[in-house]
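J.: 3D model of this:
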Amino acid sequence: MEERLLVAQFRKGRGKEEARRLRRQGLIPAIVYGHKEAPIPITLNPQELARVLRGNSGERTLINLTIEGLNDGPITRTVILKEKQIDPLKRTLLHADLYSIAMDEEIYVDVPIHIVGKAIGVEKGGVLEQILREIELKCLPTDIPPSIEVDVTHLDIGDAVHVGDIKLEKVKILTDPELAVVTVVPPTVVKEAVAEEEIVEEEEEEKEEVEEEAE
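T.: Alright, predicted model coming up:
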């Protein structure tokens, strides 16, 4: 997986007032949670962070982060975005948590599922329902896939693809293999028609029972 460059500044200030001051300057507070190291508070340019995260990999992007402003000089860490806080109204980035990783140690990561193809069942009038949007993997940082493609071309009405059907190299899938990822269900109109037929049949049976009792 591609590794992208990002520069941050060590942050001495703490608290809400410091966070507001940074945001007024167009910056955001962030924290690097270390790989067997103490957390490091930093300041980031949100536009630069968005730039390195742009593309299919998104939040699974490996970032080569250089932290400047430390007493002992700049340091470099390989990190991934672990969590971000978004302003619910402005949709702007308010805070970010980065996690430092070792390239030779496996990590846990959620990877999105990308549906490919048009199911046979959909051509017959069925409805494709995607139940899982992502699955959890364990793998080396360099083996993280940007997304997982699931081909649904062969699915007929009533068929499904389960987590256990997904085969990947160099990674371990941690999500329950019995869970359905995507399925093709009968059209709603058909369901309603069947329900109406059942109601009519029940009413006819009740009428016959009443007539038999009257005789």
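
J.: same for the lengthiest strand in the chain, what does it pack against?
T.: Assignment by DSSP state E gives strand 75-86 as the longest strand of the chain. Judged by 3 or more Cβ pairs under 8 Å, 6 or more residues apart in numbering; DSSP states H and E, the packing partners of strand 75-86 are strand 28-33, strand 62-68, strand 93-100. Placement of C-beta: from N, CA and C, glycine included.

J.: switch to 6 Å and redo it
T.: Applying 3 or more Cβ pairs under 6 Å, 6 or more residues apart in numbering; DSSP states H and E, we find strand 75-86 packed against strand 62-68, strand 93-100.

J.: who touches the first one?
T.: So that's strand 62-68. 1, 3-10, 42, 52, 74-79, 141 (Cβ atoms under 6 Å, 6 or more residues apart in numbering).

J.: Could you say which helix or strand holds the residue lying closest to residue 27 once chain neighbours are set aside?
T.: Distances taken as Cβ to Cβ, 6 or more residues apart in numbering put residue 43 closest to residue 27, at 5.2 Å, once the chain neighbours are dropped. Per DSSP states H and E, residue 43 falls inside strand 40-44.

J.: Toward the C-terminus from that strand, list the very next helix or strand.
T.: Where DSSP H and E defines the elements, the next helix or strand beyond strand 40-44 is helix 46-53.

J.: what comes up buried for that following helix?
T.: Residues of helix 46-53 classed as buried by neighbour count (16 or more other Cβ atoms under 10 Å): 46, 49, 52-53.

J.: can you give me the helices for this protein?
T.: 15-24, 46-53, 120-123, 188-214 (DSSP state H).

J.: Just give me the lowest mean pLDDT stretch among those.
T.: Of all these, the minimum mean pLDDT falls on helix 188-214 (a mean of 54).

J.: quick one: stretch 15-32 to chain centroid distance?
T.: Taking Cα atoms, centre = their mean, to the nearest Å, one finds the center of stretch 15-32 at 27 Å from the center of the full chain.
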